[in-house]
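In: Test case, fold it:
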Amino acid sequence: MASPHKPVLLTGTHTKVLDSAMKRGNWIVALLLAHTYSEAFLREWLLYSGNLPLETMARSIIRETERIRFEQLVLVHHLLGNIDGNLRERIYEVNKRRNEVAHRLIEYDLSDREIDTRFRGDAEKAAAVCSDVFAHFKQALDRQAEKV
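Out: Just a heads-up that it's a prediction; the model follows:
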């Protein structure tokens, strides 16, 4: 039986996409993308964290993971030992900043390059967190593959 779930972006293409946005100076886009990739990795990772084979998981269970709030998702990964407290706090910081930016986006004059540049540090932090989440996720999958 084929798996009802296809893995998300395990190729590392997120790095190319984020690098491209940052090289173009699209710092807000990079911040939003880094958060989105981090969330996708965390949701995907949750499916691989238990003892249930993906092949036996019902599609409804997989869809239910999409309804888990982001903060709860991060907490579950911390409780499972997938991420440490430091990474958890860094993820929360990026999430808080991303929410602030996303909810105030209409207040920014995005045609003004100076406005976008203000978010460079936020984007770089978010990209670093995204890379760390991806690295931990990939290591966990590699460890699982070794067991098989």
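In: Which strand or helix spans the residue most central in space within the chain?
Out: Against the mean C-alpha coordinate of the chain, by CA atoms, centre = their mean, the closest residue is Ser38 at 0.7 Å. Per DSSP states H and E, Ser38 falls inside helix 27-49.
In: can you check Ala140 too?
Out: Judged by DSSP H and E, Ala140 forms part of helix 120-147.
In: Output the contacting helices and strands for that helix.
Out: helix 13-23, helix 27-49, helix 85-103 (3 or more CB pairs under 8 Å, 6 or more residues apart in numbering; DSSP states H and E). Glycine gets a C-beta too; all of them are placed from N, C-alpha and C.
In: That one versus helix 85-103: what angle between them?
Out: 130 degrees (axes from the mean of the first three to the mean of the last three CA atoms, to 10 degrees).
In: Can you point out the buried residues in helix 120-147?
Out: For helix 120-147, burial by neighbour count (16 or more other CB atoms under 10 Å) applies to 122-127, 129-134, 136-137, 140.
In: Taking those, tell me the two that lie furthest apart.
Out: The span of those, defined through CB to CB, is set by Asp122 and Ala140 at 27.1 Å.
In: hmm, back to that, got the helices and strands packed on helix 120-147 as TSV, with mean pLDDT and distance to Glu114 columns?
Out: Listed next are the helices and strands packed on helix 120-147 as TSV, based on pLDDT from 0 to 100; distance: least, CB to CB, whole Å:
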stretch	mean pLDDT	distance to Glu114
helix 13-23	92	16
helix 27-49	93	11
helix 85-103	98	15
